[in-house]
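> Below is the structure, and that's it, no one-letter string:
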């Protein structure tokens, strides 16, 4: 019995490991990093952390230290990467004038990713939030307007 219990705990820990994943939306393969809290059991919410113009998810992981906050409070954190614009700069499509010809649907992507993670990790839809810097902050504002 102890071996079965230990195997179950070990498999639960393996399945709950954070890491990089890909998500295809509108025919575009997107990347995100998911951090799940260290404690076993249910995940008590999800926070999207969005980088600024020219930034990336790796930078946000290191700068915000949100993983530690998530571990202390039992919620998951996801750090998605924006796409590259025509100049090769990572961004969120919030309607900047200089991005007038960009067509990537970031609102749709983030909503679809939220729904997928909600389903995969049994997260309450009323406990999904977003935060971000600069262009990422503007993306959060756009999400609040279009996909609250």
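Great, that's in hand. Keep in mind that this is a model prediction, so the values were computed, not measured.
> since we're on residue 145, how many residues are nearby?
Residue neighbour count, defined by other Cβ atoms under 10 Å, stands at 9 for residue 145. The way it works is simple: take the backbone N, C-alpha and C, and place the C-beta from them, glycine included.
> Any idea how far the one helix or strand it maps to is from the middle of the chain?
Here residue 145, judged by DSSP states H and E, is contained in helix 135-146. Helix 135-146 has its C-alpha centroid displaced from the chain centroid by 14 Å (Cα atoms, centre = their mean, to the nearest Å).
> Which positions in it come out as buried?
Using 16 or more other Cβ atoms under 10 Å as the test for burial, helix 135-146 gives 135, 136, 137, 138, 139, 140, 142, 143.
> which residues sit against the top helix by length along the chain?
Longest helix in the chain, counting residues (DSSP state H): helix 106-121. Helix 106-121 has contacts (Cβ atoms under 8 Å, 6 or more residues apart in numbering) with 23, 25-26, 28, 30, 32, 34, 36, 43, 46, 48, 76, 78, 80, 82-83, 92-94, 123-125, 128, 130, 139, 142-143, 146-147.
> same check, this time on stretch 81-90
The set of residues external to stretch 81-90 that reach it, using Cβ under 8 Å, 6+ apart, is 28, 30-32, 50-51, 53-57, 91-93, 99, 101-102, 104, 106, 135-136, 139.
> try stretch 139-148
So stretch 139-148 is contacted by 48, 50, 82, 92, 94-95, 106-107, 110-111, 130-132 (Cβ under 8 Å, 6+ apart).
> which of those tops the neighbour count?
Within those, most neighbours by other Cβ under 10 Å means residue 92, with 31 neighbours.
> Looks like that residue contacts residue 137 (just checking).
No. Contact criterion Cβ atoms under 8 Å: residue 92 and residue 137 do not qualify, at 9.4 Å.
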